[in-house]
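J.: can't give you the sequence, but here's the structure:
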């Protein structure tokens, strides 16, 4: 069983930056593909970014060029660096772990989820 805990959410002005972290425990971190999703009020949870090992990355079109996903297997941690934030990025951000590296944009591909961290971008 893998446990995931997100850190780093908060309130930021439009144009600002935040870095989210997700610490994993209880499994062999390096064998999992990791993803970030987000859910805004009244909307469905949507894919943001994913990373396999040794480092193939994938992004939603809405965040490409602004967000960067990375991982540190020695620290069992995945990061999401978010730059040039917009009010439309406001959501609860979730970290997730997938045993397989296929279909990483789909919620159903993930086996474990964190509890989420709130990101609010003010205009």
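T.: Now that the structure is in, tell me what you want to look at. The structure presented is a predicted model; accordingly, all values stated were derived computationally and were not measured.

J.: relative to residue 14, how far out is residue 98?
T.: 32 Å (CB to CB, to the nearest Å). C-beta: built from backbone N, CA, C; applies to glycine.

J.: higher neighbour count, those two?
T.: residue 98 (20 against 13; other CB atoms under 10 Å).

J.: list the contacts for that one?
T.: Each residue near residue 98 by CB atoms under 8 Å, 6 or more residues apart in numbering is listed here: 32-35, 50, 104, 109-111.

J.: got the residues you listed as JSON lines, with secondary structure, neighbour count and pLDDT columns?
T.: What follows is the contacts of residue 98, written out as JSON lines (DSSP: H, G, I helix; E, B strand; the rest coil; neighbours: other CB atoms under 10 Å; pLDDT from 0 to 100):
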{"residue": "32", "secondary structure": "coil", "neighbour count": "27", "pLDDT": "94"}
{"residue": "33", "secondary structure": "strand", "neighbour count": "24", "pLDDT": "96"}
{"residue": "34", "secondary structure": "strand", "neighbour count": "27", "pLDDT": "97"}
{"residue": "35", "secondary structure": "strand", "neighbour count": "28", "pLDDT": "98"}
{"residue": "50", "secondary structure": "strand", "neighbour count": "25", "pLDDT": "98"}
{"residue": "104", "secondary structure": "coil", "neighbour count": "21", "pLDDT": "95"}
{"residue": "109", "secondary structure": "helix", "neighbour count": "18", "pLDDT": "95"}
{"residue": "110", "secondary structure": "coil", "neighbour count": "23", "pLDDT": "97"}
{"residue": "111", "secondary structure": "coil", "neighbour count": "15", "pLDDT": "96"}
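
J.: with adjacent residues omitted, what lies nearest to the residue nearest the centre of the chain?
T.: Nearest to the geometric centre of the chain sits residue 36, at 2.2 Å (CA atoms, centre = their mean). Using CB to CB, 6 or more residues apart in numbering and skipping residues adjacent in sequence, the residue nearest residue 36 is residue 48, 4.3 Å away.
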